[in-house]
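*Asks:* Predicted model, plus sequence, below.
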Amino acid sequence: DAGVIQSPRHEVTEMGQEVTLRCKPISGHNSLFWYRQTMMRGLELLIYFNNNVPIDDSGMPEDRFSAKMPNASFSTLKIQPSEPRDSAVYFCASSLGTPVRAFFGQGTRLTVV
Amino acid sequence: EDKVVQSPLSLVVHEGDTVTLNCSYEVTNFRSLLWYKQEKKAPTFLFMLTSSGIEKKSGRLSSILDKKELFSILNITATQTGDSAIYLCAGTGGSEKLVFGKGTKLTVNP
């Protein structure tokens, strides 16, 4: 089992640019979560999907953030335009069934300069 | 809004010490509490607790849940330098969201 796969692992971009983070969940898992981790705020849930449908996006900070899950094996998190305060580690996690037990990818470290 | 609070935020001990990490939660329609360990990269799963009073154990680590008082503890006995990490607690409820606390950073010195 390859686990949750995220790409890229590191991203450095200039303020105002569009950033797209990618995630491939564990095969067969039906829930997918996007988290953002910073020193100040810890692990924050941005959005989660169940069976490819967004269930709760209340954690998405603002309209600059959007997430899609076009099929069971792929999800994207897009930031447009990016700002320095978006700098963080973004994790994708997936799980199967309930109660939820999430498996995390290795994260994408985003730096916006 | 669901909330998970961990204490202490950081802890420094010597090898061989025993530590207790605390987690309190307010989660609507509570279903389970999970503990994760995060070293340099991704959080890795340690325990899931759903029933009150039943201890989960793995080697030197153990955890227990108190659903009446809404808290959980994670114990680590005979700590080793490899136990140095951030320990994260998370709760799930009816919404199936996994809500995390800010974590406890444990440093074990030789």
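*Replies:* Nice, thanks for sending it over.
*Asks:* Only C-alpha atoms from now on, for both contacts and neighbour counts.
*Replies:* Will do.
*Asks:* The chain: strands as residue ranges?
*Replies:* I'll assume chain A. Ranges of strands in chain A, per DSSP state E, are A:5-7, A:10-13, A:19-24, A:31-38, A:42-50, A:53-56, A:65-71, A:74-79, A:88-95, A:103-104, A:108-112.
*Asks:* um, chain B though
*Replies:* B:3-7, B:10-14, B:19-26, B:32-38, B:43-49, B:56-58, B:61-66, B:71-76, B:85-92, B:98-100, B:104-109.
*Asks:* first vs last residue of stretch B:30-43, how far apart are they?
*Replies:* 22 Å (CA to CA, to the nearest Å).
*Asks:* Just confirm yes or no for it near chain A.
*Replies:* Yes. For stretch B:30-43, a contact with chain A is found by CA under 8 Å from any CA of the partner chain, at B:31, B:32, B:34, B:41, B:42, B:43.
*Asks:* Name only those of the residues you listed that count as buried.
*Replies:* B:31, B:32, B:34, B:42, B:43 (16 or more other CA atoms under 10 Å in any protein chain shown).
*Asks:* Can I get the residues you listed in a markdown table including pLDDT?
*Replies:* Output for these, formatted as a markdown table (pLDDT from 0 to 100):
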| residue | pLDDT |
| --- | --- |
| B:31 | 90 |
| B:32 | 92 |
| B:34 | 95 |
| B:42 | 93 |
| B:43 | 95 |
